[in-house]
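> what follows is a protein structure lacking sequence information:
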(Lines give C-alpha, C1' and ligand atoms only; values in the text may rest on other atoms or scores of the structure.)
Protein backbone atom coordinates (compact mmCIF):
# COMPACT_ATOMS: atom_id res chain seq x y z
CA UNK A 1 0.00 0.00 0.00
CA UNK A 2 1.34 3.43 -0.99
CA UNK A 3 1.94 5.89 1.86
CA UNK A 4 0.26 9.29 2.12
CA UNK A 5 1.83 12.01 4.27
CA UNK A 6 0.07 14.89 5.99
CA UNK A 7 2.10 17.90 7.13
CA UNK A 8 -0.11 20.13 9.21
CA UNK A 9 -1.94 21.14 12.34
CA UNK A 10 -2.96 19.02 15.30
CA UNK A 11 -5.50 20.77 17.55
CA UNK A 12 -7.91 20.11 20.35
CA UNK A 13 -11.33 21.42 19.30
CA UNK A 14 -13.37 23.01 22.09
CA UNK A 15 -16.88 22.82 20.62
CA UNK A 16 -20.07 24.37 21.97
CA UNK A 17 -23.57 24.19 20.51
CA UNK A 18 -25.87 27.23 20.36
CA UNK A 19 -29.24 27.87 18.70
CA UNK A 20 -27.39 29.99 16.11
CA UNK A 21 -24.09 31.82 15.58
CA UNK A 22 -23.99 34.87 17.91
CA UNK A 23 -23.97 38.37 16.46
CA UNK A 24 -21.25 40.90 17.31
CA UNK A 25 -21.54 41.85 20.99
CA UNK A 26 -24.28 39.28 21.63
CA UNK A 27 -24.38 36.66 24.39
CA UNK A 28 -26.19 33.38 23.74
CA UNK A 29 -26.74 30.35 25.92
CA UNK A 30 -24.46 27.48 24.93
CA UNK A 31 -24.79 23.79 25.66
CA UNK A 32 -23.10 20.45 25.11
CA UNK A 33 -19.46 21.59 25.56
CA UNK A 34 -17.09 18.98 24.13
CA UNK A 35 -13.33 18.60 23.68
CA UNK A 36 -12.81 16.85 20.35
CA UNK A 37 -9.61 15.99 18.41
CA UNK A 38 -9.16 18.38 15.47
CA UNK A 39 -6.82 20.53 13.41
CA UNK A 40 -7.08 20.51 9.62
CA UNK A 41 -3.98 18.33 9.25
CA UNK A 42 -5.02 15.75 11.84
CA UNK A 43 -8.59 15.74 10.54
CA UNK A 44 -7.41 14.97 7.01
CA UNK A 45 -5.08 12.23 8.26
CA UNK A 46 -7.92 10.62 10.24
CA UNK A 47 -10.29 10.87 7.26
CA UNK A 48 -7.80 8.97 5.11
CA UNK A 49 -7.01 6.36 7.78
CA UNK A 50 -10.74 5.68 8.24
CA UNK A 51 -10.95 5.19 4.47
CA UNK A 52 -8.29 2.48 4.78
CA UNK A 53 -5.25 4.43 3.53
CA UNK A 54 -1.72 4.11 4.91
CA UNK A 55 -1.14 7.57 6.43
CA UNK A 56 1.69 9.23 8.33
CA UNK A 57 1.17 12.47 10.29
CA UNK A 58 3.90 15.12 10.48
CA UNK A 59 3.35 17.90 13.04
CA UNK A 60 3.84 18.99 16.65
CA UNK A 61 1.93 18.75 19.94
CA UNK A 62 2.68 20.08 23.42
CA UNK A 63 3.77 18.07 26.46
CA UNK A 64 0.31 18.55 27.96
CA UNK A 65 -2.80 16.41 28.43
CA UNK A 66 -4.26 17.58 25.12
CA UNK A 67 -1.12 16.57 23.22
CA UNK A 68 -1.07 13.09 24.77
CA UNK A 69 -4.78 12.63 24.04
CA UNK A 70 -4.42 13.75 20.43
CA UNK A 71 -1.47 11.43 19.78
CA UNK A 72 -3.42 8.48 21.18
CA UNK A 73 -6.42 9.39 19.06
CA UNK A 74 -4.33 9.39 15.87
CA UNK A 75 -2.76 6.07 16.77
CA UNK A 76 -6.14 4.52 17.62
CA UNK A 77 -7.48 5.16 14.11
CA UNK A 78 -4.31 3.83 12.48
CA UNK A 79 -2.33 7.00 11.67
CA UNK A 80 1.47 6.60 11.97
CA UNK A 81 2.80 9.18 14.48
CA UNK A 82 6.48 8.32 14.93
CA UNK A 83 7.50 11.68 13.43
CA UNK A 84 5.08 13.83 15.46
CA UNK A 85 7.24 16.00 17.74
CA UNK A 86 6.32 16.67 21.38
CA UNK A 87 7.45 20.24 22.18
CA UNK A 88 8.31 20.72 25.85
CA UNK A 89 6.82 23.69 27.65
CA UNK A 90 4.42 24.66 24.85
CA UNK A 91 0.64 24.33 24.64
CA UNK A 92 -0.99 22.11 22.02
CA UNK A 93 -3.00 23.97 19.37
CA UNK A 94 -6.61 24.81 20.24
CA UNK A 95 -9.67 25.62 18.13
CA UNK A 96 -12.76 27.20 19.69
CA UNK A 97 -15.82 26.26 17.63
CA UNK A 98 -19.40 27.50 17.92
CA UNK A 99 -21.95 25.30 16.13
CA UNK A 100 -25.41 26.69 15.38
CA UNK A 101 -28.10 26.71 12.70
CA UNK A 102 -26.26 24.10 10.55
CA UNK A 103 -23.08 26.19 10.39
CA UNK A 104 -20.06 27.07 12.52
CA UNK A 105 -17.50 29.73 13.44
CA UNK A 106 -13.92 28.84 14.42
CA UNK A 107 -11.11 30.67 16.23
CA UNK A 108 -7.74 28.90 16.14
CA UNK A 109 -4.88 29.33 18.65
CA UNK A 110 -1.78 27.95 16.90
CA UNK A 111 0.26 26.79 19.93
CA UNK A 112 2.73 24.07 18.91
CA UNK A 113 1.56 24.21 15.28
CA UNK A 114 3.91 27.19 14.93
CA UNK A 115 6.77 24.78 15.75
CA UNK A 116 6.15 22.87 12.50
CA UNK A 117 9.06 24.83 11.02
CA UNK A 118 11.75 24.17 8.42
CA UNK A 119 14.13 22.70 11.03
CA UNK A 120 11.43 20.19 12.00
CA UNK A 121 10.81 19.28 8.34
CA UNK A 122 14.52 18.62 7.87
CA UNK A 123 14.44 16.31 10.91
CA UNK A 124 11.66 14.17 9.36
CA UNK A 125 12.66 14.59 5.71
CA UNK A 126 13.55 10.94 5.07
CA UNK A 127 10.15 9.68 6.21
CA UNK A 128 8.36 12.49 4.37
CA UNK A 129 10.01 11.66 1.06
CA UNK A 130 8.94 8.00 1.37
CA UNK A 131 5.36 9.19 0.72
CA UNK A 132 3.82 8.99 -2.73
CA UNK A 133 1.71 12.09 -2.07
CA UNK A 134 1.71 14.77 0.67
CA UNK A 135 -1.29 16.82 1.79
CA UNK A 136 -0.81 20.31 3.26
CA UNK A 137 -3.00 23.10 4.67
CA UNK A 138 -2.46 26.63 6.02
CA UNK A 139 -2.54 26.09 9.81
CA UNK A 140 1.26 25.86 10.00
CA UNK A 141 3.80 28.60 9.06
CA UNK A 142 3.69 29.67 5.40
CA UNK A 143 7.44 29.25 4.92
CA UNK A 144 7.09 25.62 6.04
CA UNK A 145 4.31 25.00 3.51
CA UNK A 146 6.46 26.50 0.75
CA UNK A 147 9.54 24.54 1.82
CA UNK A 148 7.66 21.21 1.88
CA UNK A 149 6.09 21.85 -1.55
CA UNK A 150 9.48 22.65 -3.09
CA UNK A 151 11.12 19.66 -1.35
CA UNK A 152 8.43 17.29 -2.61
CA UNK A 153 8.50 18.72 -6.14
CA UNK A 154 12.29 18.31 -6.30
CA UNK A 155 11.98 14.66 -5.21
CA UNK A 156 9.05 13.51 -7.34
CA UNK A 157 6.50 13.44 -4.51
CA UNK A 158 3.02 14.68 -5.47
CA UNK A 159 1.44 17.46 -3.39
CA UNK A 160 -2.16 18.38 -2.58
CA UNK A 161 -2.47 21.91 -1.15
CA UNK A 162 -5.70 22.74 0.65
CA UNK A 163 -5.10 26.53 1.04
CA UNK A 164 -7.19 27.14 4.15
CA UNK A 165 -7.36 29.27 6.16
CA UNK A 166 -7.13 31.67 3.22
CA UNK A 167 -3.89 33.50 2.56
CA UNK A 168 -1.96 34.37 -0.62
CA UNK A 169 0.48 31.84 -2.11
CA UNK A 170 3.38 32.74 -4.44
CA UNK A 171 2.82 31.86 -8.07
CA UNK A 172 5.97 29.73 -8.28
CA UNK A 173 4.72 27.65 -5.34
CA UNK A 174 1.31 27.12 -6.97
CA UNK A 175 3.06 25.84 -10.09
CA UNK A 176 4.80 23.09 -8.07
CA UNK A 177 1.57 21.75 -6.54
CA UNK A 178 -0.06 18.69 -8.13
CA UNK A 179 -3.60 19.48 -6.89
CA UNK A 180 -4.93 22.74 -5.43
CA UNK A 181 -8.25 22.57 -3.53
CA UNK A 182 -9.51 26.01 -2.41
CA UNK A 183 -13.09 26.93 -1.61
CA UNK A 184 -14.55 29.93 -3.47
CA UNK A 185 -13.32 32.47 -0.90
CA UNK A 186 -9.80 30.98 -0.89
CA UNK A 187 -9.75 30.93 -4.72
CA UNK A 188 -10.37 34.70 -4.80
CA UNK A 189 -7.50 35.25 -2.31
CA UNK A 190 -5.20 33.15 -4.54
CA UNK A 191 -6.17 34.50 -7.96
CA UNK A 192 -7.97 37.83 -7.38
CA UNK A 193 -11.39 39.15 -8.38
CA UNK A 194 -10.48 40.03 -11.99
CA UNK A 195 -10.81 36.43 -13.17
CA UNK A 196 -13.85 34.15 -13.08
CA UNK A 197 -13.82 30.75 -11.40
CA UNK A 198 -14.20 29.17 -14.85
CA UNK A 199 -11.14 31.04 -16.15
CA UNK A 200 -9.15 29.99 -13.07
CA UNK A 201 -9.98 26.32 -13.61
CA UNK A 202 -9.26 26.48 -17.35
CA UNK A 203 -5.83 27.85 -16.51
CA UNK A 204 -5.13 24.77 -14.33
CA UNK A 205 -7.06 21.82 -15.86
CA UNK A 206 -7.37 18.78 -13.54
CA UNK A 207 -5.20 20.59 -11.01
CA UNK A 208 -7.41 23.35 -9.59
CA UNK A 209 -10.43 21.94 -7.75
CA UNK A 210 -12.83 24.56 -6.29
CA UNK A 211 -15.13 23.38 -3.52
CA UNK A 212 -18.53 25.07 -3.33
CA UNK A 213 -20.17 23.74 -0.18
CA UNK A 214 -23.67 22.40 -0.70
CA UNK A 215 -23.42 22.90 -4.50
CA UNK A 216 -20.53 20.49 -4.92
CA UNK A 217 -17.05 20.66 -6.45
CA UNK A 218 -15.84 22.02 -9.81
CA UNK A 219 -12.77 21.45 -11.96
CA UNK A 220 -11.76 21.71 -15.60
CA UNK A 221 -11.00 18.53 -17.53
CA UNK A 222 -7.99 18.24 -19.81
CA UNK A 223 -10.33 18.70 -22.81
CA UNK A 224 -11.35 22.16 -21.53
CA UNK A 225 -14.77 21.14 -20.20
CA UNK A 226 -15.61 22.64 -16.79
CA UNK A 227 -17.57 20.15 -14.68
CA UNK A 228 -19.56 20.43 -11.45
CA UNK A 229 -19.72 17.27 -9.38
CA UNK A 230 -22.87 17.86 -7.28
CA UNK A 231 -22.83 17.42 -3.53
CA UNK A 232 -24.67 14.47 -2.04
CA UNK A 233 -27.87 15.44 -0.23
CA UNK A 234 -27.28 14.98 3.49
CA UNK A 235 -29.23 15.24 6.75
CA UNK A 236 -26.83 17.83 8.15
CA UNK A 237 -25.98 17.68 11.87
CA UNK A 238 -22.55 19.39 11.90
CA UNK A 239 -20.48 20.70 8.97
CA UNK A 240 -17.23 20.86 11.00
CA UNK A 241 -14.58 18.79 9.22
CA UNK A 242 -16.56 18.27 6.00
CA UNK A 243 -13.93 20.08 3.93
CA UNK A 244 -11.17 18.08 5.61
CA UNK A 245 -13.03 14.86 4.83
CA UNK A 246 -13.37 15.93 1.21
CA UNK A 247 -9.65 16.70 0.91
CA UNK A 248 -8.65 13.45 2.60
CA UNK A 249 -11.01 11.37 0.47
CA UNK A 250 -9.91 13.12 -2.73
CA UNK A 251 -6.24 12.41 -1.90
CA UNK A 252 -7.01 8.74 -1.21
CA UNK A 253 -8.96 8.47 -4.47
CA UNK A 254 -6.22 9.95 -6.67
CA UNK A 255 -3.63 7.75 -4.92
CA UNK A 256 -5.79 4.76 -5.91
CA UNK A 257 -5.52 5.91 -9.51
CA UNK A 258 -9.09 7.14 -9.96
CA UNK A 259 -9.75 9.75 -12.66
CA UNK A 260 -10.53 13.26 -11.45
CA UNK A 261 -14.33 13.03 -11.94
CA UNK A 262 -14.52 9.73 -10.06
CA UNK A 263 -12.17 11.02 -7.34
CA UNK A 264 -14.36 14.09 -6.79
CA UNK A 265 -17.54 11.99 -6.67
CA UNK A 266 -15.91 9.77 -4.04
CA UNK A 267 -14.74 12.84 -2.08
CA UNK A 268 -18.16 14.53 -2.23
CA UNK A 269 -19.89 11.39 -0.98
CA UNK A 270 -17.47 11.07 1.94
CA UNK A 271 -17.89 14.76 2.84
CA UNK A 272 -21.68 14.48 2.72
CA UNK A 273 -21.65 11.48 5.03
CA UNK A 274 -19.34 13.29 7.47
CA UNK A 275 -21.90 16.07 8.08
CA UNK A 276 -24.51 13.64 9.40
CA UNK A 277 -22.79 13.15 12.77
CA UNK A 278 -21.40 15.57 15.37
CA UNK A 279 -17.69 16.45 15.49
CA UNK A 280 -15.00 16.85 12.85
CA UNK A 281 -13.62 13.31 13.07
CA UNK A 282 -16.51 11.41 14.64
CA UNK A 283 -18.62 11.47 11.51
CA UNK A 284 -15.88 10.58 9.04
CA UNK A 285 -16.98 7.51 7.05
CA UNK A 286 -15.22 4.25 6.25
CA UNK A 287 -14.37 3.16 2.70
CA UNK A 288 -17.21 0.62 2.70
CA UNK A 289 -19.74 3.24 3.84
CA UNK A 290 -18.75 5.57 0.99
CA UNK A 291 -18.84 2.80 -1.62
CA UNK A 292 -22.25 1.57 -0.40
CA UNK A 293 -23.74 5.05 -0.91
CA UNK A 294 -22.09 5.46 -4.34
CA UNK A 295 -23.33 2.06 -5.47
CA UNK A 296 -26.86 2.88 -4.29
CA UNK A 297 -26.73 6.18 -6.18
CA UNK A 298 -25.73 4.31 -9.34
CA UNK A 299 -28.50 1.73 -8.95
CA UNK A 300 -31.10 4.48 -8.33
CA UNK A 301 -30.27 6.22 -11.62
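Received it, and whenever you're ready, just let me know what you need. Please read these numbers as outputs of a predicted model, since none were measured by experiment. Residues are numbered from 1 along each chain as shown.
> next one: phi and psi at residue 48?
Main-chain dihedrals, residue 48, degrees, to the nearest 10: phi -70, psi -40.
> ok, now residue 252?
Residue 252 has phi and psi values of phi -60, psi -40 when expressed as degrees, to the nearest 10.
> so who does it touch?
The contact partners of residue 252, by CB atoms under 8 Å, 6 or more residues apart in numbering, come to 4, 48, 51, 52, 53, 266. Any C-beta I mention is one placed from the backbone N, CA and C, and that applies to glycine too.
> tell me how far the last one lies from residue 82.
I take that to be residue 266. Between residue 266 and residue 82 the distance is 29 Å, computed by CB to CB, to the nearest Å.
> ok, these two, which is more surrounded?
residue 266 (24 against 10; other CB atoms under 10 Å).
> my read is the more buried one is in a helix, agree?
Yes - using DSSP: H, G, I helix; E, B strand; the rest coil, the assignment for residue 266 is a helix.
> neighbours around the closest residue to it other than its chain neighbours, how many?
In this structure, residue 266 finds its nearest non-sequential neighbour in residue 253, 4.4 Å apart by CB to CB, 6 or more residues apart in numbering. Residue 253 has 22 neighbouring residues, counting by other CB under 10 Å.
> what's the helix or strand for residue 253?
Residue 253 belongs to helix 242-255 when assigned by DSSP states H and E.
> now do that helix, average pLDDT.
Taken as a whole, helix 242-255 carries a mean pLDDT of 95.
> equivalent analysis for stretch 145-158, please.
Regarding stretch 145-158, the rounded mean pLDDT is 98.
> touching that stretch from outside, list them.
5, 7, 118, 121, 125, 128-129, 131-134, 136, 138, 159, 161, 169-170, 173, 176-179.
> narrow those residues to those in helices?
Secondary structure from DSSP state H places 118, 121, 125, 128, 173, 176 of the contacts of stretch 145-158 in helices.
> neighbour-wise, which of the residues you listed leads?
Highest neighbour count within these: residue 128, with 22 neighbours (other CB under 10 Å).
> what bridges to the residue lying closest to that residue once chain neighbours are set aside?
Distance criterion CB to CB, 6+ apart; nearest residue to residue 128, sequence neighbours excluded, is residue 5 at 5.6 Å. Counting by DSSP bridges, residue 5 forms beta bridges with residue 56, residue 134.
> from what I can see residue 5 touches residue 134, true?
Yes - proximity of residue 5 to residue 134 meets the contact threshold set by CB atoms under 8 Å, at 4.3 Å.
> which residues do those two both contact?
128, 157.
> follow-up on the earlier one: next, format the contacts of residue 252 as a markdown table and append distance to residue 72.
Shown next, in a markdown table, are the contacts of residue 252 (distance: CB to CB, whole Å):
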| residue | distance to residue 72 |
| --- | --- |
| 4 | 21 |
| 48 | 18 |
| 51 | 20 |
| 52 | 21 |
| 53 | 20 |
| 266 | 29 |
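> may I ask which of these has the most neighbours?
Ranked by the number of neighbours (other CB under 10 Å), the contacts of residue 252 place residue 48 first, at 29 neighbours.
> wait, what's in contact with it?
Residue 48 neighbours (CB under 8 Å, 6+ apart): 4, 6, 55, 135, 248, 249, 251, 252.
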